[in-house]
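**Q** When you get a sec, could you give me coordinates for this:
(4 chains, ligands or ions: 6)
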Amino acid sequence: MTVEMSTYVVAEVSQQADLVKTIRLLDVPTAMPGQFFLIWLPGIDEKPISVSNQTSAGTEFTICGVGPWSTAMLQVEAGDRVGLRGPFGNGFALADNTLLVGGGMGVAPLRYLAHRLMEEGRSFDLVVGARDASSLIFREEFGRWGARFATDNGDLGHVGTVTELLSEMLRLRAYDSLYACGPEGMLAAVRVIADEHEMAYQLALERLMKCGIGLCGHCCMEGSGLRLCVEGPVLTREMLDGTAEFGLPHRDGSGRRRT
Amino acid sequence: MTVEMSTYVVAEVSQQADLVKTIRLLDVPTAMPGQFFLIWLPGIDEKPISVSNQTSAGTEFTICGVGPWSTAMLQVEAGDRVGLRGPFGNGFALADNTLLVGGGMGVAPLRYLAHRLMEEGRSFDLVVGARDASSLIFREEFGRWGARFATDNGDLGHVGTVTELLSEMLRLRAYDSLYACGPEGMLAAVRVIADEHEMAYQLALERLMKCGIGLCGHCCMEGSGLRLCVEGPVLTREMLDGTAEFGLPHRDGSGRRRT
Amino acid sequence: MVELPVTLAGIKLHNPTVLASGILGVSASSAALAVAHGAGAVTLKSCGAEPRLGHRGPTILPVPGGLLNAVGLSNPGAAAVAHEIRDFRGRCEVPLVASIFGRTEAEFGEVAAIICDAHPALLEVNVSCPNVSSEFGTPFGLDHDATARITRIVKDIAGTIPVFIKLSPQAHNIGSLARRCQDAGADGITAINSVGPGMAIDVYTRRPILSNLSGGLSGRAVLPVAVRCVYEIAQNVSIPIIGTGGITTPEDALQMILAGATAVGIGTGVHSTGISIFQEVCRGLSEYLEESGFTGLDDIRGAANDR
Amino acid sequence: MVELPVTLAGIKLHNPTVLASGILGVSASSAALAVAHGAGAVTLKSCGAEPRLGHRGPTILPVPGGLLNAVGLSNPGAAAVAHEIRDFRGRCEVPLVASIFGRTEAEFGEVAAIICDAHPALLEVNVSCPNVSSEFGTPFGLDHDATARITRIVKDIAGTIPVFIKLSPQAHNIGSLARRCQDAGADGITAINSVGPGMAIDVYTRRPILSNLSGGLSGRAVLPVAVRCVYEIAQNVSIPIIGTGGITTPEDALQMILAGATAVGIGTGVHSTGISIFQEVCRGLSEYLEESGFTGLDDIRGAANDR
Ligand SMILES: Cc1cc2nc3c(=O)[nH]c(=O)nc-3n(C[C@H](O)[C@H](O)[C@H](O)COP(=O)(O)OP(=O)(O)OC[C@H]3O[C@@H](n4cnc5c(N)ncnc54)[C@H](O)[C@@H]3O)c2cc1C
Ligand SMILES: Cc1cc2nc3c(=O)[nH]c(=O)nc-3n(C[C@H](O)[C@H](O)[C@H](O)COP(=O)(O)OP(=O)(O)OC[C@H]3O[C@@H](n4cnc5c(N)ncnc54)[C@H](O)[C@@H]3O)c2cc1C
Ligand SMILES: Cc1cc2nc3c(=O)[nH]c(=O)nc-3n(C[C@H](O)[C@H](O)[C@H](O)COP(=O)(O)O)c2cc1C
Ligand SMILES: Cc1cc2nc3c(=O)[nH]c(=O)nc-3n(C[C@H](O)[C@H](O)[C@H](O)COP(=O)(O)O)c2cc1C
Ligand code: FES
Ligand code: FES
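**A** Ligands and ions are numbered 1, 2, ... in the order given. The predicted structure is shown next:
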C-alpha cells in the first residue's frame, strides 16, 4: 500500500460505452479485487475507483462520466499523468462455487474478480444487468465466461432487472455464496434474496470518500460506524447487520445526511 | 545504530582507580572496538565515551573524573538511569600480529579491542603506560594477556614513557601494525615511530563532540575536514596525512581554535 | 492493572485518550467507532453555522512522517451536529466533546448557542480558522486579543458546560496566550492544532497536490512541537490540557502527560498506528505506571516541569 | 548530463546545493568537507560579536523524522570567523556564505562590519535569534518591522556583498515579511530556519532531553512547511530564494525549486542521507531534467506557482 501520492503516466485509454472509458497504468501496487485507489486528476479532484483488472500488462480503471471529475477523466489521454494512492479497503475474499451479480458500473470490480477466480480455477457464474445493451460494458469478456445478461429495455438477454435474473439462477442451482456490486438499490434487493436463501454474500458498496485511510469518517456507515475505506468497501452479512443506512440516502461532502 | 536517545538502567558500577569507574549497562546496541556512545547524564551534560568492553553480560564504559560531567558520572550508582545513543564512529579494523599501545584513559577502548582480538584468535601484544601503578587500570586483565607496563615514576615495569617501551618492543620483533589510544602527545610520538618503521597504524583520537552524527562540524580535523565522529575516531596514516592539527591544540566548544 | 481515570474540568473519563477533532467525528456512528476501540472521550469535527462541502480532493494527504490536511472546514452545520450529539448520547457512555468554529466573532456565539442546546459534555473552540474580517484572513488563534474575546463570548453562552480553547502552534508565546484564555474564563486548553501549514508538490505534474495548495501538518512529525507547546502552557495555566499532536505510541502519550497534559488527543495516529491506538496507548500507560510503581496518572502529570 | 549552474544575486554556483548554516561550517576545513562532496556553495555557522560556548549537551537530538537542535548560538566570534573565511578562500573555489546574528540591532551591524571585511561571497542574516531587548526575548524574525530595520542596517554595511535574510517559519505572513526584506534592500531570502521549537521528554527520567529544554525541529519532517514558505515567498518577491528545510532526496530539492527556490539549502540531510547528499541531489536533478526534456533549472523554477 502506498499511502503517499505518486503520479503515473497513462499507458492506454480504451472506450467501452458512450460515457465509459478504461485507463491502463503500469507498475501500480498489487491490489485484490474489490480494493480501490484514490485517483487524482490534477487541478480537478480526487476520487475512489475500483480496480477493473490487474495483470502483468498493467492495472485498469473503468470510469463512467457522471459528474465533474469523472467527465474530466474521460478527456485523459495516453501520456497524461494521474495521481494514485492505494490500494485501500478490504477487497473480496476469493471463494468457490459463487455467483457474481453486477449492475451498471458495478461490473468493473466484478470483472477483476472474475479474472482472479478464473486464474485460481474457482468455479463461478455471472449475471450482469444494465439499462440497455449499449451501456453493458465488457460484454464480450463476460460472455466468454458464460454470463447471463439483463437489460431494462430488453435489448439483450432477460427483460428486466438483474435481481430477477439472480432469483431465476438460484432456482436452477445452488451456489455457496454471492458477490454483488452495483447501485445500492440493487444491492439491497440482492441482500433480501440472499437472506431468503440463507446464502453468504459479499457486497461492494460506495460512499463519498475524502481520505481513503480511515481518518475523516465520511465513509462510515450509520449504526456500526464501519469505515467503508478500511473495513469495507466489501461488506458481509455480519458487517451489514449493525448498519442502519444500507439502501437509504447517505451523507454528502459536508457530512450532512441526504434526505 | 540508535541515533535517538534511550535511557538505560546502570546494572553495576565498579571502581578501577581513585577517579576511574566503570559502569555496566544491559541490552546496549552492538558496537565495534573503538566505537563510542554519547552518554547523557540527565541535568548535567552529554559526552562521548568509548566502549571498554561488550559481552553477553553487558556493555561497559570506563570514565575518568576530570571535569564536571565525568566527575558527576563517578556518583552514578547501580539502578540510576543514563541516556545513550550510538554506537558512532568507525571503530578499529581487526588485524593479526599487532601491537596495542595504550596510555592513560586510552586503555579503555584497547581493553575491548584486546578482548575481541582474543575471541577471534588473532595474535597481539600490549604495552600500557600510566603516571603511576595506582592509575594503571585493568592491570590484571592486561597482565593475563602478557602486557608490558611503563610508569612515569617507575612504580611498575619500565621507568618512563610507553613510547620508549614501544620502540624497545619493535626492536625485539616485527609486528604488522599498531593500534594506539591515549593522550594526543603520545599518539603523535607513536606516529613518528610507526613512520620510522614503515608500519601501518590505527590511532583512536578524541575531540570535542556535540552531535556524534556528523552534523555540527565540531569534531572535524583541520585540513582534511574529516569528522572524527563519522570517518573517525580511528585514523590511519592515509587519513592523518591530510590533517594539519594532529598533536596540536584544537577547538573549544565555541569552535575557536585553542592556542 | 493500574486504572487510568482522569477528570477533565469536572468531566470523568475512564482513560485519558480523546479522539481529536476532524478525525472520524463526522457523525455519532463514526465517533462511536472510536469508543468501540477504547477512546476515553471523542471530539466531533468542528462545525460552523452553515453546512460546508469543503474543498475538492485531495484534501488529506499522507507525507513522510505525517499528514497534510485542508478539508476546507467541511461540516454539516451546527443544527445537524446538534442532532448527532443527541444521537451519540443515546448510545455511548463516554463524554462527547463538540467542536465549533466561526468565521466571525459573532458566528462563534451563534454556533455555541445551537450546540450547547444539545448539551455536549465539553465544548471545544477551534480558533485556527481564518478570520474573514482580518486583512490576510489571519487565523483568530494567532491574535491573543481576538482569542480572549472569543473565549469570553463562548463561555458566557456555554454556562456550566466546560469550554476548552484549541490553540495553534503558530501562535507566538503560546504560554501567555493560554493564560489569556484562562483569564477569559476557559475551563481548559486543547493543544495543538496542525502545524505549518505545509505543501507537497508533485514533481512530474509540477503542481501542489492539495486542492487548497497547502494544509496543516499533523502526525508523528509534529509531536516535539506539541510536547513543547503543552509544556509551555502547563507552566502558565492551572486549567487542564488535552495534549494533542503526533501521538502514535504509549510513549508519545507519556511525553504529553509528563509535559503537563491531563488527557491526550489522538488524530493522525488512527491512521498511522490504526484504530487500535486507543487501546494500545492505554495498555502501555498502564504498564508503565505499574512498572514504575505509580498508582495513577496523577503521580506523573507534569513531572517534566519540576526540573 | 544536463548541467545545473545557477546564479544567486550575481554569484555563480556550479550547482544549486548549498550547505546550510550550522551544519559542518564551524571552520574552513569542515566546510571544505561539504565542497569535497559536491556542495555548490557552503554557509558557515552563524556568528555573533563574541565567542560563545553554547549550551551543555545534549544540544542536537535526532527524533523520528527529524532532529531537534539548541546549540545556544555557540560560535567562535566574528573575528575568528573572518579568519576562517580568508582561510576557506585560499583553498576552495565555491562561493562561501557567511552567516551572522545579533542579540541587539546594533550587534548585527557590528558583526556585519567585521565579516564583510573578510569578503564572503554572500552574507546571510539569521534573524531567528532571540531579541534580548524584547519582552519575551521574541526572535527578531517574528517582528516584521525589526527584520526590515536589520536588513537595512546590514545592507548599508555590506555594500556590494549580496545580503540574504534567513526567515523563520514561525513568522506570520512570511510572504509579506519577505517582501519587506526586499523593500529594505535584501538581495535574497533564505527560508526556512528550524520549525517549532520542539521538545522531547525521556519518559523514564521524566526530563526534557535537550539541555535547553526545547530546540528547533529540522529534517524531513519539516519539508512541507519549508516548501509552503518558499512558495509563498516566491509569490511575493523577485529576489532569489535559497530553499532550505527537510531536503533528503533529489525529489525534495525539486519540490523546492518548483516552489520557486533558486538554490537549495541542505542541513539535516547531511546526517539522514549522508554527506553524499550533495552529489546525490545533483545527479537526481540532472536526470530529472534530462528525462523531462529540460535544458536547465531555469526551465522549471517556480513552475508550481503557475497554476
Ligand atoms: C470504493 C469505490 C469504488 C468506486 N469505483 C468506481 C469505478 O470503478 N468506476 C466509477 O466510474 N466510479 C466508481 N466510484 C464512484 C467514483 O468514486 C465517483 O463517485 C464517480 O466517478 C463520480 O464522481 P464525480 O466527481 O464525477 O461526480 P459527482 O459530482 O461526485 O457525482 C455526480 C452525480 O452522479 C452520481 N453518481 C456518483 N457516482 C455514480 C455512479 N457510480 N453511478 C451513477 N451515478 C453516480 C452522484 O450521486 C451525483 O448525483 C467508486 C466509488 C467508491 C466509493
Ligand atoms: C571518541 C571519544 C571517546 C572517549 N572515550 C572516553 C572514555 O572511554 N573514557 C573517558 O573518561 N573519557 C573519554 N572521552 C573523553 C570524554 O568525552 C570527556 O571529554 C571527558 O569525560 C571529560 O568531560 P568533562 O565534561 O567531565 O570535562 P571537561 O570539562 O570536558 O574537561 C575538563 C578538563 O579535562 C581535560 N580532559 C578532557 N578529557 C580528558 C581525558 N580523557 N584525560 C585527561 N584530561 C581530559 C579537558 O581538556 C579539560 O581541561 C572520549 C572522548 C571522545 C571524543
Ligand atoms: C483530517 C484532519 C481533519 C482535522 N479537522 C479538524 C477540525 O475540524 N477541527 C480541529 O480543531 N482540528 C482538526 N484537525 C486537527 C486535529 O484535531 C489535531 O489537532 C491535529 O491533527 C494534531 O493531532 P494528530 O497529530 O494526532 O493528528 C484535523 C486534523 C486532520 C488530520
Ligand atoms: C545542528 C544545527 C545547527 C544549526 N545552526 C544554525 C545557525 O547557526 N544559523 C542558522 O541560520 N541556522 C542554523 N540551523 C538551521 C539550518 O541552517 C536549517 O535552516 C534548518 O536546519 C532546516 O534545514 P534542514 O532540515 O535541511 O536541516 C541549524 C540547524 C541544525 C540542525
Ligand atoms: S474515506 Fe475517510 S474514513 Fe473512509
Ligand atoms: S560531533 Fe558533530 S560532526 Fe562530529
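**Q** use CA for all of it now, contacts and neighbours both
**A** Fine.
**Q** measure the residue of the stretch 51-200 of chain A found nearest ligand 3 to ligand 2 for me?
**A** Proximity to ligand 3, evaluated over the stretch 51-200 of chain A using C-alpha to the nearest ligand atom, is greatest for A:Arg85 at 16.2 Å. Using C-alpha to the nearest ligand atom, to the nearest Å, we find A:Arg85 at a distance of 46 Å from ligand 2.
**Q** residues in contact with that residue?
**A** By C-alpha atoms under 8 Å, 6 or more residues apart in numbering or on different chains, the residues touching A:Arg85 are A:1-6, A:37-39.
**Q** strand partners of the helix or strand where it lies, parallel vs antiparallel please.
**A** A:Arg85 belongs to strand A:81-88 when assigned by DSSP states H and E. Here strand A:81-88 has these sheet partners by DSSP bridges: strand A:2-17 (antiparallel), strand A:36-41 (antiparallel).
**Q** can you give me the mean pLDDT across the last one?
**A** This points to strand A:36-41. Mean pLDDT, strand A:36-41: 98.
**Q** Which positions in it come out as buried?
**A** Applying a neighbour-count criterion of 16 or more other C-alpha atoms under 10 Å in any protein chain shown, the buried positions in strand A:36-41 are A:36-41.
**Q** Next: stretch C:287-295.
**A** C:287-289.
**Q** Could you pick out which of these are located in helices?
**A** Residues of the buried residues of stretch C:287-295 located in helices (DSSP state H): C:287-289.
**Q** How is chain A partitioned into domains?
**A** What automatic domain parsing lists as the domains of chain A is A:2-88, A:98-204.
**Q** So C:Leu217 lies in a strand, does it not?
**A** Yes: applying DSSP: H, G, I helix; E, B strand; the rest coil, one finds C:Leu217 inside a strand.
**Q** In contact with the closest residue to ligand 3 within the stretch 151-259 of chain A, which residues are there?
**A** Nearest residue of the stretch 151-259 of chain A to ligand 3: A:Cys216, at 5.4 Å (C-alpha to the nearest ligand atom). By C-alpha under 8 Å, 6+ apart, A:Cys216 lies in contact with A:210, C:22-26.
**Q** again, but for C:Gly109
**A** Contact criterion C-alpha under 8 Å, 6+ apart gives C:153-154, C:157 as the residues in contact with C:Gly109.
**Q** Which of those residues ranks first by neighbour count?
**A** For these, the largest number of neighbours (other C-alpha atoms under 10 Å in any protein chain shown) sits with C:Val154, at 28 neighbours.
**Q** Let me see the mean pLDDT of the strand or helix carrying that residue.
**A** Secondary structure assignment for C:Val154, by DSSP H and E: helix C:144-158. On average, the pLDDT along helix C:144-158 is 97.
**Q** mind listing what's buried in it?
**A** Applying a neighbour-count criterion of 16+ other C-alpha under 10 Å, one finds C:144, C:146-155, C:157-158 buried in helix C:144-158.
**Q** sorry, back to before: out of the contacts of A:Cys216, which one sits closest to B:Ile49?
**A** The shortest approach to B:Ile49 among the contacts of A:Cys216 belongs to C:Ile23, at 45.8 Å (C-alpha to C-alpha).
**Q** need the contact list for whichever residue of chain A sits closest to chain D.
**A** Nearest to chain D, among the residues of chain A, is A:Gly43, at 8.4 Å (C-alpha to the nearest C-alpha). Applying C-alpha under 8 Å, 6+ apart to A:Gly43 gives the contacts C:Ser211.
**Q** So what does it have for phi and psi?
**A** Main-chain torsions, A:Gly43, degrees, to the nearest 10: phi 90, psi -10.
**Q** Distance check, C:Gly159 against D:Thr273.
**A** Distance of C:Gly159 to D:Thr273, given as C-alpha to C-alpha, to the nearest Å: 54 Å.
**Q** Where does the prediction get shaky in the stretch 101-250 of chain C?
**A** For the stretch 101-250 of chain C, applying pLDDT under 70 flags no range at all.
**Q** C:Gly159 and D:Thr273: which has the busier surroundings?
**A** D:Thr273 (14 against 10).
**Q** which parts of the stretch 51-200 of chain C sit against ligand 3?
**A** Counting by C-alpha under 6 Å from any ligand atom, the positions of the stretch 51-200 of chain C adjacent to ligand 3 are C:60, C:69, C:126, C:192-194.
**Q** Do you have the strands of the stretch 101-250 of chain A handy? List them.
**A** Here the stretch 101-250 of chain A has its strands, by DSSP state E, counting those that start in this stretch, at A:124-130, A:148-151, A:158-159, A:177-181, A:200-204, A:234-235.
**Q** Quick check: residues of chain A near ligand 1?
**A** Proximity of chain A to ligand 1 (C-alpha under 6 Å from any ligand atom) is limited to residues A:36, A:47-50, A:62-64, A:66-71, A:105, A:108, A:206-208, A:233.
**Q** Which ChimeraX command selects the buried ones in those residues?
**A** Entered in ChimeraX, the line below selects the buried ones among the residues of chain A next to ligand 1, by 16+ other C-alpha under 10 Å:
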select /A:36,47,48,49,50,62,63,64,69,70,105,108,206,207,208,233
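**Q** Which ones among the residues of chain A next to ligand 1 map onto helices?
**A** Within those, residues falling in helices by DSSP H are A:68-71, A:108.
**Q** near ligand 6, from these?
**A** Of these, not one also sits near ligand 6 (C-alpha under 6 Å from any ligand atom).
**Q** which non-adjacent residue is nearest C:Glu50?
**A** Excluding the flanking residues, the one nearest C:Glu50 by C-alpha to C-alpha, 6 or more residues apart in numbering or on different chains is C:Gly77, at 4.4 Å.
**Q** what about that neighbour, neighbour count?
**A** 21.
**Q** Go ahead and measure how far stretch A:128-148 is from the middle of the chain.
**A** Once both centres are worked out by C-alpha atoms, centre = their mean, to the nearest Å, stretch A:128-148 turns out to sit 15 Å from its chain's centre.
**Q** Revised request: answer the last question for stretch A:55-72.
**A** 12 Å.
**Q** Can it be said to contact chain C?
**A** No: between stretch A:55-72 and chain C, judged by C-alpha under 8 Å from any C-alpha of the partner chain, nothing touches; the nearest distance is 9.8 Å.
**Q** So which residues make contact with that stretch?
**A** Identification of contacts with stretch A:55-72 by C-alpha under 8 Å, 6+ apart yields A:19-28, A:41, A:44-47, A:49-54, A:73-74, A:105, A:108.
**Q** Can you name the residues that contact A:Leu38?
**A** Going by C-alpha under 8 Å, 6+ apart, A:Leu38 touches A:46-49, A:83-87, A:212.
**Q** Out of those, the closest to D:Arg206 would be?
**A** Set against D:Arg206, the nearest of the contacts of A:Leu38 by C-alpha to C-alpha is A:Gly212 (37.6 Å).
**Q** returning to what we had before: any idea which of the contacts of C:Gly109 is closest to ligand 3?
**A** C:Val154 (15.3 Å).
**Q** Extract the residue ranges of the stretch 151-259 of chain A that are flagged as low pLDDT.
**A** A:259.
**Q** ok, which stretches of it are helices?
**A** In the stretch 151-259 of chain A, the helices defined using DSSP state H, counting those that start in this stretch lie at A:162-172, A:184-196, A:237-241.
**Q** before we move on, what about the stretch 151-300 of chain C?
**A** For the stretch 151-300 of chain C, the helices defined by DSSP H, counting those that start in this stretch cover C:174-183, C:223-234, C:250-259, C:269-272, C:277-292.
**Q** For the longest one, list the C-alpha coordinates in PDB.
**A** It refers to helix C:277-292. Extracted in PDB, the C-alpha atoms of helix C:277-292 (Å, rounded to 0.1, in the frame of the first residue of the first chain):
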ATOM      1  CA  ILE C 277      -4.300   3.000  19.100                       C
ATOM      2  CA  PHE C 278      -6.700   4.000  21.900                       C
ATOM      3  CA  GLN C 279      -6.300   0.500  23.500                       C
ATOM      4  CA  GLU C 280      -2.600   0.300  22.800                       C
ATOM      5  CA  VAL C 281      -1.900   3.600  24.400                       C
ATOM      6  CA  CYS C 282      -3.900   2.700  27.500                       C
ATOM      7  CA  ARG C 283      -2.300  -0.600  27.800                       C
ATOM      8  CA  GLY C 284       1.200   1.000  27.500                       C
ATOM      9  CA  LEU C 285       0.400   3.700  30.000                       C
ATOM     10  CA  SER C 286      -0.900   1.200  32.500                       C
ATOM     11  CA  GLU C 287       2.200  -1.000  32.100                       C
ATOM     12  CA  TYR C 288       4.400   2.000  32.600                       C
ATOM     13  CA  LEU C 289       2.700   3.100  35.800                       C
ATOM     14  CA  GLU C 290       2.800  -0.500  37.100                       C
ATOM     15  CA  GLU C 291       6.500  -1.000  36.300                       C
ATOM     16  CA  SER C 292       7.400   2.400  37.800                       C
END
